[in-house]
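J.: Below are the sequence and a predicted model; questions follow.
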Amino acid sequence: MSVSEIERQSSASNKTFALPPLLRKEESGEEAAHYAGDSLYAFFERLGIAALPEEEGCTDLTSPEGQLDTLISVASRCQDEYDIDDEIDLLNASIECERRALKLSQEAGFPKIERFRALGSSLYLRFRRLRNLADIDEAIWHQNQAAALGSNEHDLYAACLSHLGVLWNERFQRLGRREDIDYAVDYQSQAVQIIPEDHPDRPMHLSNLGNSFHCRFQRLGKLDDLDRAIESHLQAVELTPKGDEGRPSRLSNLGNSWLSRFESLGELADLDRAITYHSQAVQLTPDDHPKKPVRLSNLGNSWLTRFEHSGELADIARAVDLQSQAVHLTLDGHPGRPMYLNNLGDCWIRRFQRLGDLADLERAIEYQTQAIQHTPEDHPRWPRYLNNLGGMLVKRFERLGELADIDRALKYQAQALQTAQDGHPDRAWYLYSLGNSWDRRFERLGELMDIDNAIECQSQSVQLTSKSDPRRPSRLNNLANSWFRRFEYLGELGDIDRAIEYQRQVVQLTPEGNPNKPGRLSSLGNSWLGRFKCLGEVEDLERAIDYQSQAIQLIPDDHLSRLMFLSNLGGLRLIRFERLGEPRDLDDSIECKLKALELTPGDYAYRPDVLKGLGMAYLNRFYSRANRDDLGLALNAFRDGAKAGVFRPLTQTQCAKLWARTSIDLNESPLDGYRTAFQMVPHLVWLGQTVQHRRQVVTNISNLSAEAAAWAISTHKYDLALEWLEQGRSVIWNQTLQLRTPFESVSAADPELGRQFRDIASQLEVASSCAATAYEAPNLSIDLLDRAQNHHTIALRWEELLTRARQLPGFENFLLPRKWRELKKAAKDGPVVVINVYNTRCDALIVVPQREDLVHVPLNKFSHEKLSRMKIQPFHLASRCDDSTDRGFKPDRPQSTLQLLAQLWSDVVGPVLEKLSYAGSCQGDQLPHVTWCATGALSFLPLHAAGLYDGSSLGALDIVVSSYTPTLGALLSHSKQSTDPRSGILLVGQEASPGQASLPKTVDELKAIRRHASSTGFHQLDGASATVNATLSEMKRHGWVHLACHAIQDSQNPAHSAFYLYDGRLTLEEISKQNLPNKGLAFLSACETATGDSRLPDEATHLAAGMLIAGYPSVIATMWSIVDKDGPFIADLVYSQLIADGKMNHKEAARALHQAVIKLREKVGPKEVWRWAPFVHIGV
């Protein structure tokens, strides 16, 4: 860069740089005279310098020359003392003296170049200490002035250019701006060009240039820059005489460049060179030298890198010792301390990964946290430190299972990624780290978005990593592992094939002796196992065993990962035994699992998985050899896994169920096993996740309540069976109702706690019901992370509030699952019949009003197998279109339907009514009322229509008034609710929904209702006025609602089941979000509004259930499609009874509907079941 260019740069800096007042101010002549006449003694006194040294005191302070000499001398003395005492006031005093000396030189016409250089150097020192950008900017400005003035003297000019390059390099390291490092390289290249070959300063200029090339390599990743850096440093070292004080620094710089070359190319000779040069630098540096810490740290980094390559514990021990020395020698506030803390933390986390000592992990997190706390957020290293802390939190999450750790890790790493835009050399690293964290959270929570985000991040990371980069195998391996986990979740063959393809590449790219080789072999083995499970090819299983065996042979005995490799191999041996029946495989499996368990720390998050695998191996050996000792060993393993003091909800729930089943096989009580399983349910189906995700997770406990209840019934523990059926069914429903608890009783005991409950419950409900589209992957935004983390945090806060509430007197069971003494109150309006269907037995439990014990009815003629055949039949009810005026479809096999109803009567409904002594002797208003609460697939069948239909026999419709309920809790929640009799009815009709067949009879239906509702008041929405928003708004204002329109049950996503309105769908998801107090009847005159999801039969995922959750205690709905003209007929009869006297009484809805259905049956004929039977009442 020429002198004119320097001057232009100086001018540009002058325009943008905020100069301190002394230099910026345009003073008047009077002000200037006052400054010149100011006593130096007064000036020094203001700076805290009480007296001048004797030699300076003898100087003639009346002359400008004497004043200048004194200022220079005092500035130098202050800086020397600062170097010793590290007192910032001394450095500030030195800078002020230099400022006055420069001002005096300008006024007196003395040479100014050295004054510009000296002031620039002092400001640079203060920048290194305080990291204030104003100091480095001002230092650059003054150095520019010096360079411009010294352009005629080659030695001085080269020194100015080289130092100017150092300043621009420092500015680059502070801000990370590409142009700053380019300036540094340009200035220092010119300095090297103009300095003579034999000049003593040439090694210094070469070393500075090498540092700038190295920094630019770290920013841009171009190997040319790294080669130039090494070349410059080698020349600098060769030209520096032994004994020269600059030699240690130049050796250390050369070592740094060789280390970077090893990290880029993986050549061991480069790493050995780095260690050699760093060791020489440390040996030549006195212990009290200010550069000793950085040289120790550089050598520590080299030993850490060697440990990562060799796995030798001696290498990590050296690294820890060296980094600890660097930190110990550095005071708080030193600009290098955060880097040394980061490096020390990095050593401890590597040691933890090798040995598994939790204390090492905690040390790593502590040091890394300190590094971040002492680093400004706009510092280039801040995102690196943040990313590193995120990685450490991931390791602690893997060990302890605390969700807060993985949430924090994701947020920190996403923040780091935001700072590294396209082209940044650290972007691939940050993507790799972030992808790993998404993968870990997916493993815990099972949310598909997380694994898709993991794959997106890791794919980008691999794309940004050159094929020659030694880090590529690690990044490719993590990408492969994420594809493997996605395969485990979705079962798509393409995912496992991708995983295997990538992992094969990884293994090929990993040289023998690399400490990462065992883990990569193990991962490849896991993927071959996944493929075997998908296709059943024994060759895949053999490959899996081979790779897993190789991994164990290569992993050191004391390595933390050894336990998982052993556990994996044990699982593979067990699978091969199950496939081929070789007894040795079974024994080998148990041996591997036992060895794994011996190596597993008690606080290890995966301990339940190891124990579950061991239990399964013992169980298989029992089935193979009938040795009851193995059964006892299996029970112990399952019990220990279920009760492990870690947090693996799914695995621990599975262990608890296996514990219970094994107890039964041993003729022992499974009570504790089942109780433990139920205790895990709230953690597995967790409020910290969206409703949509909880619906996916709840399938993991689909048979828990039926299984546990079947055992309880078999031992005559009927109360317990009922409690378990209530606790394990409609889990998500009950969670929503909990959040809508009024909390009045808590508020009476502790007003502040009640307020917090209401606040957190409201936040949780909003977070839980977030639309699925908000979480579509890939989505890497920090806003998304914040929302998810906030959801997790408030769910944990909810649990804390529950713990606090249960410590209050009288609140020990607050919001815990209801016990029998409370559940029996559900039978206020008549018997409630709970029917349990399980593989081993089928039973009905009847809650009878005013009776203290449950009535048990064994359903010996019914079975799970029968139900499996029967449940197909109702879907024929929706198999073929009737005509354009139907609100749905009609059956094509009426005879099959009658056979189904006859079997329901003889096997289920008949025995129950016989036990209740209901023989059909009552008629009309005297008919008893029964509420049916069926489990599993039985909940999809029309129990209320069961009968023989042979022309002479009575059926359920003739003997009782029927209602349904998803749970007893639903009846209890609405039992005290009342409707304002003046609140009126909202009538919503949609004769012609866009895209749907016309329903002309809806007009007649609403007209008939209006005739009855004239005394109660009504509001009608139809046609274009029946929009989604208008309907929701009016539902809040009216006590009852009647919907006459098309509806759909979405089998793929039940939350999207909906009513068709004028401008779109009113979905179950949107309805369930509503919290509408003091409501009454919801009449859903549309098709399939009481049809649930066959995959979640116990979760009440239909539109009628949505109305119950929203606050309507009484709902009339349809189990399948209805004929359009039947809607007005039923509605007219129902409302004629419910509001005949001008009052609105939703509690009579069941009887009103029953009588209307009787009349429809009389009209169309008993055998036209598909016409009259779809109408059902749900609720109170």
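T.: Happy to help now that I have it.
J.: Give me the residue ranges of the stretch 1-150 of the chain where confidence is low.
T.: For the stretch 1-150 of the chain, the stretches flagged by pLDDT under 70 are 1-62, 86.
J.: Give me the phi and psi for the nearest residue to residue 202 once chain neighbours are set aside.
T.: Nearest residue to residue 202, sequence neighbours excluded (C-beta to C-beta, 6 or more residues apart in numbering): residue 195, at 5.0 Å. (Glycine included, C-beta is placed from N, CA and C.) Backbone dihedrals for residue 195, given as degrees, to the nearest 10, come out at phi -80, psi 140.
J.: In PDB, could you pull the C-alpha coordinates for the helix or strand where residue 258 lies?
T.: Residue 258 is part of helix 247-265 when elements are defined by DSSP states H and E. What follows is helix 247-265, C-alpha atoms only, in PDB (Å, rounded to 0.1, in the frame of the first residue of the first chain):
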ATOM      1  CA  ARG A 247      12.600 -16.500  19.500                       C
ATOM      2  CA  PRO A 248      10.000 -18.100  21.900                       C
ATOM      3  CA  SER A 249       7.200 -16.100  20.400                       C
ATOM      4  CA  ARG A 250       8.100 -17.000  16.900                       C
ATOM      5  CA  LEU A 251       8.500 -20.700  17.700                       C
ATOM      6  CA  SER A 252       5.000 -20.700  19.300                       C
ATOM      7  CA  ASN A 253       3.500 -19.000  16.300                       C
ATOM      8  CA  LEU A 254       5.100 -21.600  14.000                       C
ATOM      9  CA  GLY A 255       3.700 -24.400  16.300                       C
ATOM     10  CA  ASN A 256       0.200 -22.900  15.900                       C
ATOM     11  CA  SER A 257       0.400 -23.000  12.200                       C
ATOM     12  CA  TRP A 258       1.600 -26.600  12.100                       C
ATOM     13  CA  LEU A 259      -1.200 -27.600  14.400                       C
ATOM     14  CA  SER A 260      -3.700 -26.000  12.100                       C
ATOM     15  CA  ARG A 261      -2.200 -27.800   9.200                       C
ATOM     16  CA  PHE A 262      -2.600 -31.100  11.000                       C
ATOM     17  CA  GLU A 263      -6.300 -30.300  11.900                       C
ATOM     18  CA  SER A 264      -6.900 -29.600   8.200                       C
ATOM     19  CA  LEU A 265      -5.000 -32.400   6.500                       C
END
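J.: Which residue comes closest to residue 445 once chain neighbours are left out?
T.: In this structure, residue 445 finds its nearest non-sequential neighbour in residue 689, 6.3 Å apart by C-beta to C-beta, 6+ apart.
J.: surely that neighbour meets residue 697?
T.: Yes. Between residue 689 and residue 697 there is a contact under C-beta atoms under 8 Å: 7.4 Å.
J.: re the thing from before, what count of nearby residues applies to the residue nearest to residue 202?
T.: Residue 195 sits with 23 neighbouring residues when counted by other C-beta atoms under 10 Å.
J.: can you pull out the strands in the stretch 1051-1180 of the chain?
T.: With DSSP state E, counting those that start in this stretch as the criterion, the stretch 1051-1180 of the chain has strands at 1058-1061, 1064-1067, 1081-1085, 1114-1118, 1122-1123, 1175-1179.
J.: which of the ones you listed sits most buried?
T.: The highest mean neighbour count among those, using mean count of other C-beta atoms under 10 Å, belongs to strand 1081-1085: a mean of 30.
J.: for that one, what is the average pLDDT?
T.: Strand 1081-1085 carries an average pLDDT of 92.
J.: strand partners of it, parallel vs antiparallel please.
T.: When pairing is defined by DSSP bridges, strand 1081-1085 lines up against strand 1040-1044 (parallel), strand 1114-1118 (parallel).
J.: Mean confidence (pLDDT) on the last one, please.
T.: The reference is to strand 1114-1118. Mean per-residue pLDDT for strand 1114-1118: 93.
J.: Repeat that for the first one.
T.: Per-region confidence: strand 1040-1044 scores 93 on mean pLDDT.
J.: Run through the neighbouring helices and strands of whichever strand or helix holds residue 399.
T.: Using DSSP H and E, residue 399 falls within helix 382-400. On a contact count with 3 or more C-beta pairs under 8 Å, 6 or more residues apart in numbering; DSSP states H and E, helix 382-400 meets helix 337-355, helix 358-373, helix 403-419, helix 427-445.
J.: Report the buried residues of the last one.
T.: Right, helix 427-445. Within helix 427-445, the residues that qualify as buried are 427-445, counting by 16 or more other C-beta atoms under 10 Å.
J.: any idea how this protein splits into domains?
T.: 1-17+33-150, 153-284, 744-805, 820-970, 977-1179 (automatic domain parsing).
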